[in-house]
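Chemist: Fold the following for me, if possible:
(2 chains)
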Amino acid sequence: MKISDLERGFGFKSLQAEYADRPLAAGYTSDLLSDVMANAKSEGVLVTIQAHKNTVAVASLVNLAAIVVCNGRPVPEDMLEAAKAEGVAVFLTDRSQFEVSGLLWPELGGAGQAGAAGRPRAAGSPGAGPGAAGPA
Amino acid sequence: MPSVPISPDAGPQVVLDLIYRLKVRDVMSTPVITASAGETMRTIQYRMRDNGITGVPVVDGHGRLAGLVSIQDVIEALDKGRIGAKAEELMTKTVIVLEDDMPLAFATSYFNRYKYGRFPVLDREGSLVGMVSASDIIRALLVAMNDEVQRLEERLSERLAAEAESRPPDGKTRLSFPVVRFDFENAGKASAEIKKALKERGIDPATVRRAAVASYELELNEVIHSEGGTLSCSIGEGRIEIVAEDRGPGIPDLDAAMREGYSTANEWIRSLGFGAGMGLPNARRVSDEFSLDSGPGRGTRVLAAIKYQ
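Modeler: Down below sits the predicted model:
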């Protein structure tokens, strides 16, 4: 699946759309930024409730492609500005980290386990996630 | 206007530095003039007048905050003919408080957000330890800025000498950045610059990532735990050295500091997603060489070296 599928396929609200749309290689769920630094895979999506600009700093340092902010947490403007400067996509959803991880697992679970390279299936075949009509 | 002989690039940074370095406890007024819940609004009104204050916290028998009577509450009591009523009936019960170890930057944002004239200050145990008004903050900042200008004048010559020294003709790239305590606004910028420099030298992505992890963890450690310092990076053939050096307060127990999960960070730092006790272990894990030199009462120096092909 691609970054834009987070909005089109899963209905997450796109807050920062200035990014190069490309396949997501993995997913990682955590609210501890050191944990994200240590374990999140490059070109992956971060599922978190940490809505502040330090999250963007971490995402950028470990080459994450997108951040999904959960539980409808308010996202401050300076976070979005930082994300725009770094080309990191930011999405917002009312769902919890658990729910979002579950939704993304069929698409990215295998890719996340397989390592930074991702699996070919992730590219260009968004498929239909649970409760989501995949883009045709 | 007389000119001040300070380095122009350090000037604005100094102000930022101050609001992150100074804590609420450095500027709050103590001892606090309080009232008990059973005292009347009239008694509190006199206490305000006699002490020239506009807010009196109400405490229980254990020194815990129960509420606050502001001058607004007194005026309303007078207006409604209830000046003889007990404080507990008319006080504001939902009080926004500051913690004594919050940096001034947080305190000023509270003033902007809540529009109150003063805030009670609690310590880690939740006891009332002081009061902070906007004028307390401004007064403390003016005094601190005066001191800072003097210190800058003294340090300027040292700095210029150090800068000249940091450009040896050995083909290495050296970068150095000041890191400011509690400056979460700019945290990570030094690491972003280091990462950019490594990429520009065409170093492979896996190495760049390891270096970025090490430098970010060390940078954030300085932001969270130190009184401020520098983060520097030297890029040579096959070897990247990242050094974090701070001015204190030093680490009392080095073994504990290196243990995964051990952290001395407080609640509001944890709420930002830091302070999980993974910083130093992470930095060591991605490094080929790692050394930590510190002790109570002096600065800390951490070296993380990463080799590459």
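Chemist: Find the residue closest to whichever residue of chain A sits closest to chain B in space, skipping its chain neighbours.
Modeler: For chain A, the residue closest to chain B is residue A:57, as judged by Cβ to the nearest Cβ, at 3.1 Å. All C-beta atoms are positioned from the backbone trio N, CA, C, and that covers glycine. Leaving aside its chain neighbours, residue A:57 sits nearest to residue B:188 (3.1 Å; criterion: Cβ to Cβ, 6 or more residues apart in numbering or on different chains).
Chemist: and that neighbour, how many residues sit next to it?
Modeler: Using other Cβ atoms under 10 Å in any protein chain shown, residue B:188 has 26 neighbouring residues.
Chemist: quick one: it and residue B:233, what's the gap?
Modeler: Counting by Cβ to Cβ, to the nearest Å, the separation of residue B:188 from residue B:233 is 14 Å.
Chemist: which SS class is the residue of chain A closest to chain B?
Modeler: helix (DSSP: H, G, I helix; E, B strand; the rest coil).
Chemist: May I see the buried residues of stretch B:281-298?
Modeler: Neighbour-count burial for stretch B:281-298 flags B:281-284, B:286-287, B:290, B:292, B:294 (criterion: 16 or more other Cβ atoms under 10 Å in any protein chain shown).
Chemist: try stretch B:36-53
Modeler: B:39-41, B:43-45, B:47-48, B:53.
Chemist: can you map out the helices along chain A?
Modeler: A:5-8, A:33-39, A:53-61, A:77-86, A:97-114 (DSSP state H).
Chemist: Show me what from chain A comes close to chain B.
Modeler: A:31-35, A:37-38, A:42, A:48, A:50, A:52-55, A:57-58, A:60-63, A:78 (Cβ under 8 Å from any Cβ of the partner chain).
Chemist: show me where pLDDT drops low in the chain?
Modeler: I'll assume chain A. Scanning chain A with the threshold set as pLDDT under 70 gives A:110-136.
Chemist: Let me rephrase: I mean chain B.
Modeler: For chain B (pLDDT under 70), the answer is B:1-14, B:155, B:157-171.
Chemist: Show me the domain layout of it.
Modeler: What the record gives for chain B is the domain set B:11-138, B:166-307, from automatic domain parsing.
Chemist: Residue of chain B closest to chain A, please.
Modeler: residue B:188 (3.1 Å).
Chemist: Up against chain A, what does chain B have?
Modeler: So chain B meets chain A at B:184-185, B:187-189, B:191-192, B:195, B:205, B:209, B:212-213, B:216-217, B:220, B:272-274, B:276, B:278-279, B:282, B:285 (Cβ under 8 Å from any Cβ).
Chemist: Please indicate which of the residues you listed are buried?
Modeler: Buried, going by 16+ other Cβ under 10 Å: B:184-185, B:187-188, B:191-192, B:195, B:209, B:212-213, B:216-217, B:220, B:272-274, B:276, B:278-279, B:282, out of those.
Chemist: Strands - which of these land there?
Modeler: Residues of these located in strands (DSSP state E): none.
Chemist: how near is residue B:133 to residue B:27?
Modeler: 9 Å.
Chemist: Settle it for me: which of the two has more neighbours?
Modeler: Between residue B:133 and residue B:27, residue B:27 has the larger neighbour count (other Cβ under 10 Å), namely 22 against 19.
Chemist: contacting residues around the closest residue to the more buried one other than its chain neighbours?
Modeler: Nearest residue to residue B:27, sequence neighbours excluded (Cβ to Cβ, 6+ apart): residue B:140, at 3.8 Å. Going by Cβ atoms under 8 Å, 6 or more residues apart in numbering or on different chains, residue B:140 touches B:22, B:26-27, B:104.
Chemist: what do you get for residue A:85?
Modeler: Residue A:85 neighbours (Cβ under 8 Å, 6+ apart): none.
Chemist: Residue B:131 versus that one, what's the distance?
Modeler: For residue A:85 relative to residue B:131 (Cβ to Cβ), the value is 40 Å.
Chemist: all helices for the stretch 51-200 of chain B, in order.
Modeler: Counting by DSSP state H, counting those that start in this stretch, the stretch 51-200 of chain B has helices at residues B:71-79, B:87-90, B:104-114, B:134-165, B:189-200.
Chemist: quick one: contacts for residue 105?
Modeler: With no chain named, the answer covers chain A. Per Cβ under 8 Å, 6+ apart, neighbours of residue A:105: residue A:27.
Chemist: ah, I was thinking of chain B
Modeler: Per Cβ under 8 Å, 6+ apart, neighbours of residue B:105: B:19-20, B:182-183.
Chemist: who wins for neighbours among the residues you listed?
Modeler: residue B:182 (23 neighbours).
Chemist: where does that residue fall, phi/psi-wise?
Modeler: phi 60, psi 20 (degrees, to the nearest 10).
Chemist: quick one: contacts for it?
Modeler: By Cβ under 8 Å, 6+ apart, the contact set of residue B:182 is B:20-21, B:103, B:105, B:223-224.
Chemist: now the residue nearest the centre of chain A, nearest residue through space, not along the chain?
Modeler: Nearest residue to the geometric centre of chain A (Cα atoms, centre = their mean): residue A:45, 2.7 Å. Counting by Cβ to Cβ, 6+ apart, the nearest residue to residue A:45 once its immediate chain neighbours are dropped is residue A:66, at 4.4 Å.
Chemist: again with residue A:16
Modeler: Residue nearest to residue A:16 in three dimensions, not counting chain neighbours: residue A:90, with 3.9 Å by Cβ to Cβ, 6+ apart.
Chemist: Would you confirm that residue B:15 contacts residue B:145?
Modeler: Yes - using Cβ atoms under 8 Å, residue B:15 is in contact with residue B:145, at 7.0 Å.
Chemist: residues of stretch B:112-127 that come out buried?
Modeler: B:116, B:118-122.
Chemist: From one end of that stretch to the other, what's the distance?
Modeler: Length of stretch B:112-127, first residue to last, Cα to Cα, to the nearest Å: 24 Å.
Chemist: need the contact list for residue A:70.
Modeler: Neighbours of residue A:70 in contact, by Cβ under 8 Å, 6+ apart: A:47-49, A:93, A:95-97, A:99-100.
Chemist: Can you say which two of the residues you listed are spatially most distant?
Modeler: Using Cβ to Cβ, the contacts of residue A:70 span at most 13.3 Å, a distance reached by A:48 and A:99.
Chemist: Please say which of those two ends up with more neighbours.
Modeler: residue A:48 (26 against 16).
Chemist: isn't that one right up against residue A:54?
Modeler: No - with contact defined as Cβ under 8 Å, residue A:48 does not reach residue A:54; the gap is 11.1 Å.
Chemist: and for the two, which residues touch both?
Modeler: By Cβ under 8 Å, 6+ apart, the residues touching both residue A:48 and residue A:54 are residue B:273.
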